[in-house]
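Peer 1: Build me a model:
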Amino acid sequence: MTMANTASENRALSEEELQDLVASSDAGARDPAGGVGTLLAVVAVVWSLFQVLLASPLANYILPGDVINNSRQVHLAFAVFLAFMAYPAFKSSPRHYIPIADWLIGLAGAFIAMYGFIFYQKIVDAGGLADDVDKWFALAGLLILFEGARRALGPAMAIIATIFLAYVFFGSSDIVPDVIRWKGASLKKAMSHMWITSEGVFGIALGVSTKFVFLFVLFGALLDKAGAGNYFIKMAFGALGHLKGGPAKAAVVGSAATGLISGSSIANVVTTGTFTIPLMKRVGFSAEKAGAVEVASSVNGQIMPPVMGAAAFLMVEYVGISYVEVITHAFLPATISYIALVYIVHLEAVKNNMPTLGNRVVSMGKTIGGMMAFFVGFALLCYGVQYPVGWIAAAAGDASAVVLSVLIFVAYAVLLWLAASVPDLEPDDPNAEEVELPVVGDIYKSGLYFLLPIIVLVYFLMIEQKSPGLSAFWATMLLFVILLTQRPLKAIFRGESDMANAFTQGVADLIQGLIDGARNMIGIGLATATAGVIVGTVTLTGVGQVMADLVEFLSGGNLIGMLVMVGLLSLILGMGLPTTANYIVVSSLMAGVVVELGAQSGLIVPLIAVHLFVFYFGIMADVTPPVGLASFAAAAVSGGDAIKTGFVAFFYSLRTVALPFVFIFNTDLLLIDVTVTQGILVFITASIAILVFTAGTMGWFLTKSRVYESVALILIAFALFRPDFVMNRIQPPFTQIEPANFTTALGDASEGSEMRLVVSGPDFDTGEIKETTLVLPVGAGSGDDRLTASGLLLLEEDGVVKMDEPAFSSPFADTLQSFDFYGDNPVQIASVKAPSDQMPKELVFIPALILLLLVAFVQRARITREGVPA
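Peer 2: Residues are numbered from 1 along each chain as shown. Alright, predicted model coming up:
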């Protein structure tokens, strides 16, 4: 059963068919029985245990140093072998047994993946270069890798990687356009770069998959196996299911919570959608709209901290910042994105006057207040736990680790005792004649202990600021304990005697969680390895700079035009690539280009903003028709049209598309260089802005909006998102100064402010004159002292301020390295901008909010006058 077939049939699938759909998409469609199935299960468990051991503090004492140093090769060997075991070659290939050819290719692929480990000394003796034997093994490895990627990820990934590899060999051909032509590479050189060194397949992306991503995917699989997924869904329905459009609101919140434990948007859609979509249809959502709500909320699980998609871990390496900083920058856009989605489904329910489920009447204000109190309380708990931990560490000294472990287990036992006092949660039937929504007060006790691993993860990540891998390791260890003990301890607390059976079930749950974690990683491992070929091509051929020049030419040097092109590239690639692979490809080609073009346009764009921009468009990979897999999965659940579901989901996701353009120009949304007070203000105004933007695009505020009201609402949202744009038009933020007066102006500038220099000069590669903008922080001392601290070497001649090449270790050495300081044309300061006294940009909020109140007043008056529905 394929997604395309499902789309053509337009019928809802059975539970068995849905699980088969998830398996074929995420973990492979094959499930051989007997000894073969047991063998593959053992391999999956061994892979999971190896990755857990690799992340543990004991790795250096237990694992040989050669294995740790070559862990990427081991990681890929497992992924390649399991890919050929789990994924059939074709639709017609057998699913209940594994053909001999797949065994041979899988074993050969695993051997070649380990080639660098097995023949390490030989490669070192050859200076890290491939010889005549190595190059053929490497080529075979690439072909096997591409075939595995085709099976696990679809043909697009393999095709794109093949095109890039062909460019390495045939880049000098006459059929290649002059603008991207290069001299080409020999087979030996190319294979050395792609397979033997760490520049290609075994590069940063596969390293991140090995060190970080596996542990987080395993963490999610184990947490789901423990029962957390069902608990989160039940809590969401208990809190929101009784409201107007309640099933849709519960779907959004439930999917956000499930996104914590599921790295797959498709699995998220099916897990929550089998319950939420039928209930959404029951209260009046069409099949396509119900599926679209589930899709939009499920794919956004990848951008929701603290456990984001695999691409977030890649940002740590590519941008050079900690994971804590990544999730800090991603927090606000992700949060307001979900706020907007809840508001979208609320407006849909209000517009269509949808009924409520159940007979409970609960205040909307109390519901929202209760949820806010829970999330704030949980955040404060995660933050506040550092204080008692600090006291215990100070008092217990070297024994603190043991004391803290005992206290965590005691807390777990107490929470489990509470859970044992109420019945275990069973999945509900959404198609039952009478839908009984759970009461939060009755069920919350049953799963409070699921929050403990998340608290441990957040504590180590945010408070201790340990590495993501080590943080996930300790949280996973706690899940090991939970899975093994929750059933036996519940039996004890309930006075039951069947302890042996309860423990056996716990062991089975743990083993199945380890298997699920490994199978869920097959596609990610192959995606990061295959994307390494693309990254390796960029580093080997230098095509990245050529692409930069090409995109700059096509966009006319306009930054917005460039961003649109990058977004479209992500969407197009997203039709065939998973989010992680899409992110790697586009960020490798375009991230540096956007930063450079922004500097030429006078806009300093932080690198993390560009990477998040690419990431946000990358998550649309599972939404965008005609190949959005999550949309097909939702259609399979709802029985609606898959293409229409995808388009509606894309419309619902407009705020996900709009937000990246906003935070590129207003980095306050990423909480970059803002104080706590400013951060709170940004959160409040951004939340209002996204709600107003949603109302404007949905055509409904207090009632159905007229065209001019919708336009006003969108303009209000823009003013709230970009107050700096409005204020800069009223009062320019910088004063133009003659370059010859730069040192004097630098001395007059107040400490802590910033000056901007536009540097002009010949490009080192092309010789063409280009410009870039430098942001110069103003430190202490005189003008000459500040200039010396900047590392800039200036010489004034005939009114022109020329620049010498800065010292290698100076602040702007990397930024200016693309200029030719030894050509005929000098590198010079073209203009200087000093900060001027500008009114606070937050003053723009006042007229924007007044206009919002005016629109509300007009609509309220129309409701009263005409009796139109509210």
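Peer 1: Can you pull the domain assignment for the chain?
Peer 2: 674-732+839-870, 734-837 (automatic domain parsing).
Peer 1: Which one of those domains has the poorest average confidence?
Peer 2: Of all the domains of the chain, domain 734-837 carries the lowest average pLDDT, namely a mean of 85.
Peer 1: Now do it: distance to the chain's middle.
Peer 2: 37 Å (C-alpha atoms, centre = their mean, to the nearest Å).
Peer 1: try stretch 337-345
Peer 2: With C-alpha atoms, centre = their mean, you get 19 Å for stretch 337-345.
Peer 1: Would you mind putting the CA coordinates of that stretch into PDB?
Peer 2: Extracted in PDB, the C-alpha atoms of stretch 337-345 (Å, rounded to 0.1, in the frame of the first residue of the first chain):
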ATOM      1  CA  SER A 337       3.800  29.500  15.700                       C
ATOM      2  CA  TYR A 338       1.800  27.100  17.800                       C
ATOM      3  CA  ILE A 339      -0.200  29.900  19.300                       C
ATOM      4  CA  ALA A 340      -1.100  30.900  15.800                       C
ATOM      5  CA  LEU A 341      -2.200  27.400  14.900                       C
ATOM      6  CA  VAL A 342      -4.400  27.100  17.900                       C
ATOM      7  CA  TYR A 343      -6.000  30.500  16.900                       C
ATOM      8  CA  ILE A 344      -6.400  29.300  13.300                       C
ATOM      9  CA  VAL A 345      -8.500  26.300  14.400                       C
END
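Peer 1: contacts for it?
Peer 2: For stretch 337-345, contacts defined as C-beta atoms under 8 Å, 6 or more residues apart in numbering pick out 245, 248-249, 251-253, 256, 293, 296-297, 300, 303-304, 652, 655-656, 659, 687, 690-691, 693-695, 698. All C-beta spots, glycine's among them, are computed from the backbone N, C-alpha and C.
Peer 1: If we go by neighbour counts, what in that stretch is buried?
Peer 2: Ser337, Tyr338, Ile339, Ala340, Leu341, Val342, Tyr343, Ile344, Val345 (16 or more other C-beta atoms under 10 Å).
Peer 1: Tell me which helix or strand the second one sits in.
Peer 2: When you say that, I think you mean Tyr338. Here Tyr338 is covered by helix 323-351, with elements defined by DSSP states H and E.
Peer 1: Which secondary structure element of this structure has the lowest mean pLDDT?
Peer 2: helix 3-9 (a mean of 44; mean pLDDT, DSSP states H and E).
Peer 1: right, so of the domains of the chain, which gets closest to Leu63?
Peer 2: Among the domains of the chain, the nearest to Leu63 by C-beta to C-beta is domain 734-837 (36.5 Å).
Peer 1: That closest one: end-to-end distance?
Peer 2: Length of domain 734-837, first residue to last, C-alpha to C-alpha, to the nearest Å: 8 Å.
Peer 1: cool, and stretch 564-583?
Peer 2: First-to-last residue span, stretch 564-583, C-alpha to C-alpha: 16 Å.
Peer 1: Would you pull up how far that stretch lies from the middle of the chain?
Peer 2: 13 Å.
Peer 1: again, but for stretch 296-306
Peer 2: That offset, for stretch 296-306, works out to 8 Å (C-alpha atoms, centre = their mean).
Peer 1: ditto for stretch 287-298
Peer 2: 20 Å.
Peer 1: Could I get the CA-only coordinates of it as PDB?
Peer 2: The C-alpha trace of stretch 287-298 is given here as PDB (Å, rounded to 0.1, in the frame of the first residue of the first chain):
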ATOM      1  CA  ALA A 287     -11.600  15.500   5.900                       C
ATOM      2  CA  GLU A 288      -9.000  17.800   4.200                       C
ATOM      3  CA  LYS A 289      -9.100  20.500   6.900                       C
ATOM      4  CA  ALA A 290      -9.000  17.900   9.700                       C
ATOM      5  CA  GLY A 291      -6.000  16.300   8.000                       C
ATOM      6  CA  ALA A 292      -4.400  19.700   7.400                       C
ATOM      7  CA  VAL A 293      -4.600  20.700  11.100                       C
ATOM      8  CA  GLU A 294      -2.900  17.500  12.100                       C
ATOM      9  CA  VAL A 295      -0.200  17.900   9.400                       C
ATOM     10  CA  ALA A 296       0.500  21.500  10.300                       C
ATOM     11  CA  SER A 297       0.800  20.800  14.000                       C
ATOM     12  CA  SER A 298       2.800  17.600  13.600                       C
END
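Peer 1: quick check: mean pLDDT across it?
Peer 2: The model assigns stretch 287-298 a mean pLDDT of 86.
Peer 1: just stretch 101-108 next, same as before
Peer 2: Stretch 101-108 comes out at a mean pLDDT of 95.
Peer 1: Give me the contact list for it.
Peer 2: Val80, Phe81, Leu82, Ala83, Phe84, Met85, Ala89, Ala140, Ile144, Glu147.
Peer 1: Neighbour-wise, which one of those leads?
Peer 2: Within the contacts of stretch 101-108, most neighbours by other C-beta atoms under 10 Å means Val80, with 31 neighbours.
Peer 1: Give me the helices and strands touching the helix or strand hosting that one, please.
Peer 2: Assigned by DSSP H and E, Val80 belongs to helix 71-86. If you count contacts as 3 or more C-beta pairs under 8 Å, 6 or more residues apart in numbering; DSSP states H and E, helix 71-86 packs onto helix 34-55, helix 100-113, helix 115-118, helix 132-153, helix 204-208, helix 499-541.
Peer 1: right, so those: which one is the most enclosed?
Peer 2: helix 204-208 (a mean of 25; mean count of other C-beta atoms under 10 Å).
Peer 1: hey, where'd the strands end up in the stretch 651-800 of the chain?
Peer 2: In the stretch 651-800 of the chain, the segments counted as strands under DSSP state E, counting those that start in this stretch are 734-737, 754-762, 769-777, 793-797, 800-804.
Peer 1: Of those, flag the one that's most buried.
Peer 2: strand 754-762 (a mean of 19).
Peer 1: Mind listing residues that contact that one?
Peer 2: For strand 754-762, using C-beta under 8 Å, 6+ apart, the contacting residues are 602, 734, 742, 745-746, 749, 768-778, 803, 816, 819-821, 823-835.
Peer 1: ok, Asp784 - how many residues close by?
Peer 2: With other C-beta under 10 Å as criterion, Asp784 counts 11.
Peer 1: who touches it in this structure?
Peer 2: So Asp784 contacts Thr743, Gly747 (C-beta under 8 Å, 6+ apart).
Peer 1: again, only this time at 6 Å
Peer 2: By C-beta atoms under 6 Å, 6 or more residues apart in numbering, the contact list for Asp784 is empty.
Peer 1: what do you get for the one 10 residues further on?
Peer 2: Contact analysis of Leu794 by C-beta under 6 Å, 6+ apart lists Val801.
Peer 1: now with 8 Å?
Peer 2: Per C-beta under 8 Å, 6+ apart, neighbours of Leu794: Phe742, Thr743, Leu787, Val801, Lys802, Met803, Asp804, Ile829.
Peer 1: So in terms of bridging, what pairs with it?
Peer 2: Judged by DSSP bridges, the bridge partners of Leu794 are Met803.
Peer 1: what separates it from Pro762, distance-wise?
Peer 2: To Pro762, Leu794 is 18 Å away according to C-beta to C-beta, to the nearest Å.
Peer 1: ok, now Gly791?
Peer 2: For Gly791, the distance to Pro762 equals 21 Å [C-beta to C-beta].
Peer 1: Isn't Ala236 up against Gly254?
Peer 2: Yes. Contact criterion C-beta atoms under 8 Å: Ala236 and Gly254 qualify, at 3.7 Å.
Peer 1: between those two, which one's more packed in?
Peer 2: Set Ala236 next to Gly254 and count neighbours by other C-beta under 10 Å: Gly254 wins out with 31 against 27.
Peer 1: Quick check: which element contains that one?
Peer 2: With DSSP H and E as criterion, Gly254 is part of helix 246-258.
Peer 1: And for Arg862, the neighbour number?
Peer 2: Counted with other C-beta under 10 Å, Arg862 comes out at 17.
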